[in-house]
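> Next comes the sequence, and after it the predicted model I'd like to discuss.
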Amino acid sequence: MIESRCGLICSSCEFSKIKNCSGCAKIQSPFWGKCSVKSCCESKALSHCGECSDFPCELLGSFAYDKEHGDNGARIEKCREWLNTVT
């Protein structure tokens, strides 16, 4: 199930219960503020970044490999998985 635009598994996020967040694919605005990945993906009418012709782009890479909040590329792999399994 697609939970986010960037490939993050929101149900595994420590903030999902604390902030009552069901994932950016299901909410209007993230609790942390504006998200450039969410905005980009939605402006192209895509379910997630894996559907984009520019995937994986520099913007997504900067999120996936961010020293503080990144996941060492796991979200990029999740988008690939979604692309190959979800229609």
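Ah, there it is.

> Just give me the longest helix of this protein.
Residue-count comparison of every helix in the chain, with assignments taken from DSSP state H, identifies helix 74-85 as the longest.

> and for it, what are the contacting residues?
Outside helix 74-85, the residues that touch it by C-beta atoms under 8 Å, 6 or more residues apart in numbering are 2, 4, 6-9, 47-51, 55-56, 60-61, 63-64. All C-beta atoms are positioned from the backbone trio N, CA, C, and that covers glycine.

> Using ChimeraX, make a named selection holding only the buried ones among those residues.
Buried members of those, identified by 16 or more other C-beta atoms under 10 Å, are gathered into one ChimeraX selection as follows:
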select :2,4,6,7,8,48,49,50,51,55,56,60,63,64
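
> next structured bit after the helix-or-strand element of the chain with minimal mean pLDDT?
Averaged element by element with mean pLDDT, DSSP states H and E, the chain has its least confident helix or strand at helix 15-18 (a mean of 80). Stepping forward along the backbone from helix 15-18, the first helix or strand reached (DSSP states H and E) is helix 36-43.

> do you know how far the residue with the largest distance to the centre of the chain is from residue 38?
With C-alpha atoms, centre = their mean as the measure, the chain has its most outlying C-alpha, relative to the mean C-alpha position, at residue 18: 18.9 Å. Residue 18 sits at a distance of 19 Å from residue 38 (criterion: C-beta to C-beta, to the nearest Å).

> Skipping its backbone neighbours, what lies nearest the spatially most central residue of the chain in space?
Residue closest to the average C-alpha location in the chain (C-alpha atoms, centre = their mean): residue 6, at 1.9 Å. In space, residue 6 comes closest to residue 37 once its chain neighbours are excluded; the distance is 4.6 Å by C-beta to C-beta, 6 or more residues apart in numbering.

> Can you name the residues that contact that neighbour?
Going by C-beta under 8 Å, 6+ apart, residue 37 touches 5, 6, 49, 59, 60, 63.
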